[in-house]
Every structure is written in structure tokens, then in C-alpha cells.
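A.B. asks: Have a look; sequence and predicted model below, questions after that.
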Amino acid sequence: MENGLVIETKKLVKKFPVGKGEFIALNGIDLKIGKGEFAGLIGPSGSGKTTLLNIIGSLDMPSSGEAVVLDRPVSTLSSREAASLRKESIGFIFQSYNLLAVHTVFENVEFPLLLLNYNSADRRKMVNDALSWVGLSDKTRSKPPQLSGGECQRVAIARAMVKKPSLVLADEPTANLDAANSHNILTTMETLNRELGTTFLFATHDEKVISYLKRKIFLVDGRIDRDEVKQNQNGEK
Amino acid sequence: MRLAIKLAIRNLIGAGLRTWLNVIVLSFSFVVIIWIKGVMAGWDHQAKKDMSDFEIGSGQYWHSGYDPYDPFSLLDNHAPVPEGFRAGVAEGSIEPELIVQGTLYPGGRLQSVIIRGIDPDQKILKIPTGKLDAATDAIPAVIGSIMAKNLKASAGDRIMLRWRDAHGTFDATDIVIEGIFSSNVPSAEAGQIYIPLERLRKMMSMPGEATLFTFSSSFSPETAPEGWVLRTRKELTSSIDEMIKMKSTGQSILYGVLLLLAMLAIFDTQVLSIFRRQKEIGTYIALGYTRHQVVGLFTVEGTMYAVLAAILSAAYGLPFLTWQARAGWSIPIDTSEFGIAMAKTLYPVYSAGLVVTTVLAVMIVTAVVSYWPSRRIAKMSPTDALRGKLQ
């Protein structure tokens, strides 16, 4: 990251065909997110936050403009290069966890390391570390259907964090959780952000999440409406 | 590839009953295909062996005009033993046979027969010609069990035989059935009686003559003498090859249907998997797989059914197939009327080639059937897949 930026978007536009016309999901987004930020895209449904998250995660391509993620312009990446970017540097956390149901907790968390060709001993250590971060060291052999929603999301966090990525993208991570579990999850992520220096970018409209964010980027109809940075107790941003 | 195999195994084991149902159906196909092909190979082996043992030895020399399907030609198509065969005949590595037409009158009925004059001391064919040495006032004869059934004759029975000699004179005398043999070779039994060669030569006024020569494996076939044609074992058993080929085609339809059922199950599972596992597909892509790698994963997963089925087949198929090779398969109907060399019990023969070919063929077909529906993944939008949105 030459300029300390993890994400930079310039006049980012994303349009979807709807019938004979088109729907503009993102309309000229200019955004810069630096290393170690704990930021969130906030807005109602249809405001474009998931679309922006998908483009930043190189799962989707912009219609025009550019998104540079970890110094790599997303629109110029081939399918293989985009997969490589996600594999090496980005962790995803989804609203509905997206765990592999037939795999155990250990195997789910191990999956990104298998893609990165870590050896067995390293994988075991890294998976155990990740599970201890989220407090699930005793559930390694359980399968997702045997876990509660909060536990599933903690497995998803461990899976996203196990390879110590530069960037974690979390799409509505607490939408299916109760208040206690939500706070638990958010505290875990906040700790990981602080201790590992990982950049977190959320897409959310959940007040519980918003209260934890250090930077709040409000989206309305595909545009950035306002961008607020939380001040600490010393009044510093 | 190693990762895909590892993940495929995890996914298949995790899928539980669905996996095992497919594996069981496919393994059933493996075992049945190998068994059916083994039975056909066993039949081929048995039929050729029986033909060699009871009819053709390691090959024959035929008089150039001899046509086994034209009895009227028999009277004219014989010749003295060629000079080149005499040493072989003396040492027993090549045996002459004189073949003529005649008529039997069993119980007042009339039946046309082929009279085969054969040396009672011959060792090439397994026909019990030693019984032709019996001292009797009638002509000693040996017949096959099919012939005995048709004549309603048993050992010791006397039946009148009429023939027409080389001068066109009809004559008749009794034959006595000295022995009945069973060969599984209808052409060596049906309508055939075997009597001593010298006796037939005398009856026919054809001293030292023969219609064909049957040689053993110790005889080295050379260019046929003038007026004689070499018929190799391969030529003489070609009718069996044709028959097996024809039967195999019929059997192919059966195991084609079996394989089709197994493939339908796998195809169906793959289509359902891709439909039901869209979120999982999206997750693989989000975690760093390319879409083509996911296609590869699903193809490997489908192909693994064949691998697991091969393992399962080995578990229960090996004991079954080994038992069948020992105990044989008893054909539930009388095969003697089929007109083809077929034993009452067929012993399947399994070659390594048969097993390897079958396993490879099933695996290739399974891989294609798995790949076919998986290609859809390459066209999926990862973001829609992640949301589980139907595509």
C-alpha cells in the first residue's frame, strides 16, 4: 500500500439492467479507507452498500470508475487474479454465515489455509489460534447445524481472520443475531482490529453495529451522503 | 487437484445417504457389468475348449470339396491320405476321419445321420472312441447325448444303419451303441454317429481314404497338400465369435441400461447439488476459488462416486465374482436345443483387462456426466450465488 490506503474508489458507478432500463446502484462513489480502519457503510436496503462491498471484494465489476483494493485495480483483474486477491488478502463475513454445512468447525476455518497451501502443522496451529480468538476452541469437531447462530458467526469470523488478511468485509454480520450475540461478535472483531491491525469494512443498517464503528459512511441512493469519523476521548479522530 | 479430491471426499462423506445411494447403484452396475462380461468370456472360453476337445482339435485339413452343410457332397469329397500326413497319422498327431451319409431306423422310424469313421485309438478328441474296439457282431458305435436323446437310444441298443457305398450300392446292418458322450458341442453330437474308421472304409469301399484330418497341438500345420484346405482353430471357431459378439450386443443393452440408471442418478444429484448449493459455490468463490476451479471441484466430486463405487464393488463384488467363477452359473433352461456350444453351467472368466476397462469406462462416463451439469457454475454470478438467488 504505497499511500497507506487499503481501499480507494474513484467515481465508482454500478448499473444493473432492469427490464428495458437500468438501475443505478452506485453513482460516483469516491472513497478512501486506510489501513487498520473499523469502518461501516450504512444505509437502508437498496442504498448500494452490498454492491460496493462486492466490488471492493472483487466479486463484482464496476460499470465505470475504479476501485483500487490493496493497490490492485479491481476492474482490470482477470478472474484468476481476482480470486488470488480474495484468497490472499480479503476475508469475508456474511449475514447468513455461509459456512460449509458438511464440514466441521475446524475444516471450515481451515479452508482458506488449504487454498493457500499451508502445511498440515501450520494449518492446525493457525486454526486453533483463530478458534481461540473467537472462543470456540471446544467446538472444533462440531458441524454448523449443531451450533447456535452466534457460534456460527464466530466460526465465520475465525474463517475470515485465520489467514490474517489485510481487509475483512462484513456484510450485515449481526442481522441474524440477538443483542447479546451481536455485542459479543462485535467486541471480538473490534479486538482483532486493534490487536492484528486488520482493516474492517461493514455493510450494515443495524444500530448495534453502528455504535461500534469508528467511521460511518452513510449511503443514500448509491451516493455517499456523509462520512463521519468517531472522535476518541481526547477529541482526536 | 489434491485439494479438490480432499474437499470432494469431505463433501461426499458429509452428504451421507445421498452419496451412498449413488455409490450403491453405481457399484451394482460395476459388479453386474463385470459379471455379465465374465460370463460371456467364460462361455467363449468353454465353447472353444469344448469344440477343440470334441470336434476340431487344434485345427483341421478338409478335402477341398468338403462342405459340412451339404451332405449330398460327402460321397464325392474324400481322398487317400496324402504322403505328407502319413508320419503324423502313424504317430497320432493328426487323425483322419471319413465322413459319409447314412440312415438309421430307430424303433421303426427313419433318421438321416452323418457317419464318421474315426480311429478307435485316436487321442486328439475326447470322444470315447476306445469303446469302438468292442468285439461285437454289429458295428460298434459311439454317439453324443443329444443324438441319444433324439434316437431315444441308450448304451447297448441295436439300431439298423443303411448306407450307400462308393459304387452306389445300398447296404444295411445293425450298429450297437457302445458309448454315449456329452460334449456341449451340438455339431459334434446332433445327427452324428462315430464308428471305427477302417470299418467304414470297408463299408464304403474307400480303402485308405479320408474326408478331413484333425491335428493336435504337437502337429505343426504347414501348407496344405494339393486337394486339401487348412482350417485353423480360429477359422473353425469363428461361428462362436460371431455368436458371442451377437449375444454381447444384446447384453450391452442390459448393462447400458444399468449404467444409464446409475448415470441418471449422478446427473440428477449433480443438477440438484448445483441448484441447492449455490451459496456454497458463492462461498468457494469468495474464499478464493475461481469459477472454473469450482467446476473442477464438482466434477471431481461426481467422479468420486465412481471411485467409491469401485471400492464398494471390490468389497462385496470380489467374493461374489470369485464364488461365481468357482460355482459357475447354471443356465435354468435346456441348452442342448440351442445348436450352439454351450454348457449347462457357465464359469465366468474375469481378465485384468476386463476389470480395468470396465472401471475406466465407468469412471470416464461418470466424469463426463458430472462435468456436464457443472459447466453451469462457470456462468454463475458469484454475488447472486452468495445470496442463493436462483440462476
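C.D. replies: Yes, it's here.
A.B. asks: Roughly how far does B:S27 sit from chain A?
C.D. replies: Applying C-beta to the nearest C-beta, to the nearest Å, the value for B:S27 to chain A is 22 Å. In short, each C-beta sits where N, CA and C put it, glycine included.
A.B. asks: wait, what's in contact with that residue?
C.D. replies: For B:S27, the contacting residues are B:L308, B:A309, B:A310, B:L312, B:S313, B:Y316, B:G317, by C-beta atoms under 8 Å, 6 or more residues apart in numbering or on different chains.
A.B. asks: does the residue nearest to A:K11 when sequence neighbours are not counted belong to a helix or a strand, and which?
C.D. replies: Among residues not flanking A:K11 along the chain, A:G65 sits closest, at 4.0 Å (C-beta to C-beta, 6 or more residues apart in numbering or on different chains). Assigned by DSSP states H and E, A:G65 belongs to strand A:64-69.
A.B. asks: Pull up the pairing partners for the helix or strand just after that strand, direction included.
C.D. replies: Downstream of strand A:64-69, the next assigned helix or strand under DSSP H and E is strand A:72-73. Here strand A:72-73 is paired, per DSSP bridges, with strand A:64-69 (antiparallel).
A.B. asks: what residues are up against the residue nearest the centre of chain A?
C.D. replies: The residue lying closest to the centre of chain A (C-alpha atoms, centre = their mean) is A:L169, at 1.0 Å. In this structure, A:L169 makes contact with A:L53, A:I56, A:G57, A:I90, A:G91, A:F92, A:I93, A:L201, A:A203, judged by C-beta under 8 Å, 6+ apart.
A.B. asks: Can you get me a residue count around the fifth one?
C.D. replies: Residues near A:G91, counting by other C-beta atoms under 10 Å in any protein chain shown, number 27.
A.B. asks: what do you get for the third one?
C.D. replies: Neighbour count for A:G57, taken as other C-beta under 10 Å: 25.
A.B. asks: pull the helix or strand with minimum mean pLDDT from chain A.
C.D. replies: Least confident helix or strand of chain A, by mean pLDDT, DSSP states H and E, is helix A:179-196 with a mean of 88.
A.B. asks: May I see the buried residues of that one?
C.D. replies: By neighbour count with 16 or more other C-beta atoms under 10 Å in any protein chain shown, helix A:179-196 contains the buried residues A:N181, A:S182, A:H183, A:N184, A:I185, A:L186, A:T188, A:M189, A:L192, A:N193.
A.B. asks: Likewise for stretch B:157-176?
C.D. replies: Buried positions in stretch B:157-176, judged by neighbour count with 16+ other C-beta under 10 Å: B:D157, B:R158, B:I159, B:L161, B:W163, B:A166, B:I175, B:V176.
A.B. asks: Is it correct that the first one is in contact with B:I177?
C.D. replies: Yes: using C-beta atoms under 8 Å, B:D157 and B:I177 qualify as a contacting pair, with a distance of 4.9 Å.
A.B. asks: ok, residues contacting stretch A:131-149?
C.D. replies: Residues outside stretch A:131-149 that contact it (C-beta under 8 Å, 6+ apart): A:97, A:99-106, A:108-109, A:127-128, A:151-152, A:154-155, A:157-158, A:161, A:176-178, A:181, A:188, A:191-192, B:14.
A.B. asks: Chain A contacts on the stretch 201-350 of chain B?
C.D. replies: Contact residues, the stretch 201-350 of chain B versus chain A (C-beta under 8 Å from any C-beta of the partner chain): B:279-280, B:282-283, B:285-293.
A.B. asks: Dump those to CSV, plus neighbour count, pLDDT and secondary structure.
C.D. replies: Compiled in CSV, these are given as follows (neighbours: other C-beta atoms under 10 Å in any protein chain shown; pLDDT from 0 to 100; DSSP: H, G, I helix; E, B strand; the rest coil):
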residue, neighbour count, pLDDT, secondary structure
B:K279, 20, 89, helix
B:E280, 21, 89, helix
B:G282, 25, 91, helix
B:T283, 25, 92, helix
B:I285, 27, 93, helix
B:A286, 26, 94, helix
B:L287, 22, 93, helix
B:G288, 23, 92, coil
B:Y289, 24, 91, coil
B:T290, 21, 89, coil
B:R291, 19, 87, helix
B:H292, 14, 89, helix
B:Q293, 19, 90, helix
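A.B. asks: Which pair of these spans the longest distance?
C.D. replies: Farthest-apart pair in these is B:K279 and B:H292; separation 19.1 Å (C-beta to C-beta).
A.B. asks: just to revisit the earlier point, pLDDT score for the residue nearest to A:K11?
C.D. replies: Here the pLDDT value assigned to A:G65 is 95.
A.B. asks: Tell me how far stretch B:107-118 lies from the chain's centre.
C.D. replies: 30 Å (C-alpha atoms, centre = their mean, to the nearest Å).
A.B. asks: can you list the weak-confidence ranges in chain B?
C.D. replies: Chain B contains residues with pLDDT under 70 at B:333-342, B:390-391.
A.B. asks: Would you map the helices across chain A?
C.D. replies: Taking DSSP state H, the helices of chain A run over residues A:49-56, A:79-89, A:105-115, A:120-133, A:149-161, A:179-196, A:207-210.
A.B. asks: the inter-axis angle of the second one versus helix A:105-115?
C.D. replies: It refers to helix A:79-89. Between the axes of helix A:79-89 and helix A:105-115, defined by axes from the mean of the first three to the mean of the last three C-alpha atoms, to 10 degrees, the angle is 130 degrees.
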